[in-house]
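J.: requesting a structural model of the entry that follows:
(chains A and B)
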Amino acid sequence: MEKVRVRFAPSPTGPLHIGGVRSALFNYLLAKQTGGTFILRIEDTDLERSSRESEENIKDSLRWLGIDWDEGVDVGGPYGPYRQTERLELYQEYVDRLLETGHAYRCYCTEDELEEQRQALLAKGEMPRYLGNCRDLTPEQEEAYRKEGRKPVIRFRVPEGENIVVDDLVRGQVAFESDGIGDFIIVKSDGLPTYNYAVVIDDALMKISHVIRAEEHLSNTPRQLLIYRALGLAEPVFAHISLILGKDRTKMSKRHGSTSVVQYKEQGYLPEALVNFLALLGWSPEGEEEIFSMEELCRQFSLDRVAKNPAVFDLDKLNWLNGYYIRQTPVERITEMAIPYLIKEGYLPETLTPEDREQASKIVAAVQGYLPYVGAVVDHVQIFFADEIKPENEEAAAVLKEEQVPQVVELFAAKVKGAEELETGSVKKLLKETSKELKLKGRQVFMPIRVALTGQMHGPELHDIIPILGKEKVLQRLSQTTGLSLS
RNA sequence: GGCCCGUUGGUCAAGCGGUUAAGACACCGGCCUUUCACGCCGGCAACAGGGGUUCGAAUCCCCUACGGGUCACCA
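T.: Presented below is the predicted three-dimensional model:
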C-alpha cells in the first residue's frame, strides 16, 4: 500500500467546529496508525470571511486536542506553501491548461444577469441553473465584453451524458450523472480559485492519498473528479463521513449550544475526553471498551468501522465521559484547571500564595468526583466560602432541631477544640468517637454536623470538608447555626 | 424540486442470511455508604412501513414514508 498522506483543510472563517475536529481526528488517526503523514492546509480563498485570527484559533484548538500535523502551515513541508492564497500561481498554471484544452472557458455574465436568469427560470417553474450562455463565445464576443470592462469568471465545461462514480470507502460506489451538474465556476472574477477547483489542485500536488471529509462534500466530489480527469491527475481515495447533528437532527450549529472547541475548552472539558467522545461519534471499536487514549485510538481506528448514518451529538454522554476522565486525573492537574474559575468567582485572590494553592487543592480533591466539567467547580464550593450558613430548606432546618443535636454538637465541638490538627484521618476518628460515645447511629451524628457546617443535606465527605474549613470556622459555624454557645 | 446519502431502544451504537438483537449514555430499582455523587448489581427499551428473493431476513432487491446533504463568484 502506498504511503498514507491525509489532510485536514479548514477554511479559517471561524473557530474550529466540533464537526471539523472529528474530520481532523479521523484523518490524524489514519495517518498515525499507518505511519503516514497528516497535513494541515488552510483554505482561505474566501477573502471576505477568512481571517488570520480564525486560523490561529483553529491551530490552537488542534494543538490543544493533541492533533499535531506533520506537514502544513507553520511547520512547512515539501509541498508548500500550505495556505491557498499563497498558491495562486499553481492554480493559474492548471487553469491555463484547462482553458487551452477546452475544458474551461471564460464567462462574462454578471451576477445581476445570472440572478435575472435564475428568476426567469423560477417564474417558468423550472430549476434555476446556469444555461451555458458563454459556453461558445467567439474571440470577438469576448473582446467586446472585455471592452465593456467586464471581469470574467472561469467555468468548467461539464461533459454531457457522462456517468461519474465516486468510489467511497465508507459509502461504496456512488454514481452521479454529469447532466445534473451545471458548468461550475473554478475561478472567481477576483482571480481566486473556488473550493471545488483549488481542492483538486492541492490534493493532487500534495499527493494526498485519502480524502476523509464530511458528507456534505459528497455531492461536490463528481465535480472534482471531472477536474482530476480533465487534467490527468491521479485521484485520491475518498471517504465521506456522516455529519454530526444537533438534538433536532439537523446539522449541528450554534443553535444547538456549544459547537466550537474553544467553548468546550473554556468550560473545562479535558481534551482527551473530547477526543475520546468524538472518536466514538461515527466510529465504533471492535470490543466493548469505550475509553480510549489517543494512542489506543491510533491502534484501533479503522475506516471500515465508520458508520454511514449521521450521529446526534449527545451532551449527556460527553459529560459522563468527561466526568470520568476528571475522576481519573490527578488532583494537581484538575486544581490547576480549576483555579481560574475560583479566582473569577472571587473565591481566590488573583495572586496565589502557596497556602492558597494548598487550600485550592484540598477543595478540588473534595469535589473532584462531582464535576462533569471543571468549570462546574464553582457550583460545589460555596460551602467552603460562605460567610453565613443557613439551612437550604425545611428538611435541613428540621435536622438541626432533632433532639440529639445539642449533645452531638457540643461533644463534637469539644473534640475539635481539643484536637491537635484537623486532617482527614483524625476527623474521621473524631466523628466515630462522637457517635460511639453518645451511642448514636451515624446518621444522627453526621447529618446535624453536615447541616450545621454547610447548610446542605448533601455534599462531599465531612472528613474532607472539616479540614478545609479549619478549627476556627468549624466552631464558629457550629455555634452560629445551632445557636449553641460552645465556649 | 432534481441529484445524492441515510433510517436498529430517548441518544451513541454492535450486527454484515440462522443471535434469547451486544455494549455505552440517559432513565428506573437495589446494594455500598454519615448524605449526595462515585462504584457495583439488576431492569425498562429498538430492527420506519409495505412488497419481494430465500427453507430462513435487522442483514439482499424494489417501492413508500421520514430525516439529512447538495445544487453559490462559501468552503
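J.: give me the number of residues near A:Gly66?
T.: Applying other C-beta atoms under 10 Å, we find 14 residues neighbouring A:Gly66. Where you see a C-beta, it was placed from the backbone N, CA and C, and this is true even at glycine.
J.: ignoring the adjacent residues along the chain, who's closest to it?
T.: Nearest residue to A:Gly66 in three dimensions, chain neighbours excluded: A:Met294, at 5.5 Å (C-beta to C-beta, 6 or more residues apart in numbering).
J.: one more: A:Tyr347?
T.: According to C-beta to C-beta, 6+ apart, the nearest residue to A:Tyr347 is A:Phe385 (5.2 Å).
J.: hang on, the one you found packs against A:Gln359?
T.: No - applying C-beta atoms under 8 Å, one finds A:Phe385 not in contact with A:Gln359, separated by 10.5 Å.
J.: and the two? Which one has more around it.
T.: Of the pair A:Phe385 and A:Gln359, A:Gln359 is the one with more neighbours under other C-beta under 10 Å, namely 18 against 13.
J.: in this structure the more buried one contacts A:Gly470, no?
T.: No - assessed by C-beta under 8 Å, A:Gln359 is found out of contact with A:Gly470, at 9.3 Å.
J.: how much space separates A:Gly455 from A:Thr481?
T.: Counting by C-beta to C-beta, to the nearest Å, the gap from A:Gly455 to A:Thr481 is 7 Å.
J.: what does the pLDDT read for A:Met1?
T.: Confidence at A:Met1, expressed as pLDDT, is 56.
J.: tell me the contacts of A:Glu420?
T.: A:Ser426 (C-beta atoms under 8 Å, 6 or more residues apart in numbering).
J.: so where does the residue lying closest to A:Arg129 once chain neighbours are set aside fall, helix or strand?
T.: With sequence-adjacent residues excluded and distances taken as C-beta to C-beta, 6+ apart, A:Arg129 is closest to A:Gly182, at 4.6 Å. A:Gly182 is part of no helix or strand when elements are defined by DSSP states H and E.
J.: test my guess that A:Asp202 contacts A:Thr85.
T.: No - counting by C-beta under 8 Å, A:Asp202 stays clear of A:Thr85, with 11.9 Å between them.
J.: neighbour count winner among the two?
T.: Between A:Asp202 and A:Thr85, A:Asp202 has the larger neighbour count (other C-beta under 10 Å), namely 22 against 16.
J.: looks to me like the more buried one is in a strand.
T.: No - going by DSSP: H, G, I helix; E, B strand; the rest coil, the assignment for A:Asp202 is helix, not a strand.
J.: do you know how far the closest residue to it other than its chain neighbours is from RNA strand B?
T.: Leaving aside its sequence neighbours, A:Asp202 sits nearest to A:Arg41 (C-beta to C-beta, 6+ apart; 6.2 Å). The gap separating A:Arg41 from RNA strand B is 9 Å, by C-beta to the nearest atom of the strand, to the nearest Å.
J.: cool, and A:Pro406?
T.: Distance from A:Pro406 to RNA strand B, counting by C-beta to the nearest atom of the strand: 19 Å.
J.: which pLDDT value goes with the nearest residue to A:Pro78 once chain neighbours are set aside?
T.: Computed as C-beta to C-beta, 6+ apart, the closest residue to A:Pro78 that is not its neighbour in sequence is A:Glu71, at 7.6 Å. For A:Glu71, the pLDDT comes out at 98.
J.: please list all residues in contact with A:Glu71.
T.: A:Glu71 makes contact with A:Thr37, A:Phe38, A:Ile39, A:Leu40, A:Gly77, A:Pro78, A:Tyr79, A:Tyr82, according to C-beta under 8 Å, 6+ apart.
J.: surely the residue nearest to A:Asp202 touches A:Val6?
T.: No - A:Arg41 is beyond contact range of A:Val6, at 10.8 Å (criterion: C-beta under 8 Å).
J.: can you name the residues of the stretch 51-200 of chain A that neighbour RNA strand B?
T.: Taking C-beta under 7 Å from any atom of the strand, the part of the stretch 51-200 of chain A that reaches RNA strand B is made up of A:109-111, A:114, A:127-130, A:151, A:153, A:171-172, A:174-177, A:180, A:182, A:184-185, A:188-190, A:192, A:194-196, A:199.
J.: from the residues you listed, which ones fall inside strands?
T.: A:Val153, A:Gly172, A:Val174, A:Ala175, A:Phe176, A:Glu177, A:Ile185 (DSSP state E).
J.: what's near enough to touch the fifth one?
T.: If I follow you right, that is A:Phe176. Contacts for A:Phe176 (C-beta under 8 Å, 6+ apart) come out as A:Asn163, A:Ile164, A:Val165, A:Val166, A:Ser219, A:Pro222.
J.: name the residues of the stretch 351-487 of chain A found near RNA strand B, please.
T.: A:369-370, A:428, A:431, A:442-443, A:446-447, A:450, A:457-463.
J.: now with 10 Å, please.
T.: A:366-372, A:380, A:424, A:427-428, A:431-432, A:435, A:441-447, A:449-450, A:454, A:456-466 (C-beta under 10 Å from any atom of the strand).
J.: I'd like the distance from the helix or strand bottoming out on mean pLDDT in chain A to the chain centre, please.
T.: None of the helices or strands of chain A scores lower by mean pLDDT, DSSP states H and E than helix A:111-123, at a mean of 83. Mean C-alpha position of helix A:111-123 versus that of the full chain (C-alpha atoms, centre = their mean, to the nearest Å) differs by 40 Å.
J.: how far away is the residue nearest to A:Arg129 from A:Asn133?
T.: Taken as C-beta to C-beta, the span from A:Gly182 to A:Asn133 is 11 Å.
J.: same deal with A:Phe8?
T.: 38 Å.
J.: the two: who's more crowded?
T.: Neighbour comparison, A:Phe8 and A:Asn133: the larger count goes to A:Phe8, with 26 against 14 (by other C-beta under 10 Å).
J.: these two touch, right, that one and A:Leu40?
T.: Yes - if you go by C-beta under 8 Å, A:Phe8 and A:Leu40 touch, sitting 5.7 Å apart.
J.: what touches both of these two?
T.: A:Leu62, A:Trp69.
J.: could you list the low-pLDDT ranges of chain A?
T.: Within chain A, the segments meeting pLDDT under 70 span A:1, A:486-487.
J.: quick one, domains of it?
T.: Here the domain parsing of chain A from automatic domain parsing is A:5-84+A:245-312, A:87-202, A:329-384, A:386-482.
J.: hey, where'd the helices end up in the stretch 201-350 of chain A?
T.: Ranges of helices in the stretch 201-350 of chain A, per DSSP state H, counting those that start in this stretch, are A:221-231, A:261-267, A:271-280, A:294-300, A:315-328, A:331-344.
J.: which stretch among these comes nearest RNA strand B?
T.: Closest to RNA strand B of the helices of the stretch 201-350 of chain A is helix A:315-328 (C-beta to the nearest atom of the strand; 3.4 Å).
J.: who touches that closest one?
T.: With contact meaning C-beta under 8 Å, 6+ apart, helix A:315-328 is reached by A:257, A:269-270, A:272-274, A:276-277, A:291, A:334, A:368-369, A:371-374.
J.: quick check on those residues: which are buried?
T.: By neighbour count, with 16 or more other C-beta atoms under 10 Å, the contacts of helix A:315-328 hold A:269-270, A:272-274, A:276-277, A:334, A:368, A:371-374 as buried.
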